[in-house]
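Novice: everything below, folded, please.
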Amino acid sequence: MAITVQNFIKLANYYNQTAKLMSAICVQKGGIAMENYVGRFFVADALEYIVEYGRRIAENGNAGPEIMDVIQRFQNQFNAVKQYVTPSQKPIHEMTLEEFEKLMNI
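Specialist: Numbers count the residues shown, from 1 in each chain. Have a look, this model is predicted:
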């Protein structure tokens, strides 16, 4: 996937929909706190990926001020949930395809 603003917007929309779904699930399950929901780890991992993607867009200078605001907002959200990110020796966004396949046992 080429690193483009359009792809970042798609990822941002995906994350926003996932966060809404997670919130709805927490309500449906009796109002459990989102930090107690088992899916919080997946959502934190997805947010980590999106933040890194946004960082790379910002480094390339391809983002306007509106996109930079969204990138910063996601970074702030990630700082609040980074303790939930799945630990690994190397973040997925830094792995080669071969490293990822080996990790996933593909």
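Novice: contacts, neighbours, all on C-alpha from now
Specialist: Will do.
Novice: what is the distance between the lengthiest helix in the chain and the centre of its chain?
Specialist: Longest helix of the chain, by residue count under DSSP state H: helix 5-28. How far helix 5-28 lies from its chain's middle: 10 Å, per C-alpha atoms, centre = their mean, to the nearest Å.
Novice: can you give the contact residues for it?
Specialist: Contacting residues not belonging to helix 5-28 are listed as 32-34, 37, 39, 43, 46-47, 50, 53-54, 57, 62-63, 67 [C-alpha atoms under 8 Å, 6 or more residues apart in numbering].
Novice: only the buried subset of these, as a ChimeraX command please.
Specialist: In ChimeraX, this line selects whichever of those come out buried by 16 or more other C-alpha atoms under 10 Å:
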select :34,43,46,47,50,53,54,57,63,67
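Novice: pLDDT-wise, what's the bottom of the contacts of helix 5-28?
Specialist: Ranked by pLDDT, those bottom out at Asn62, which scores 75.
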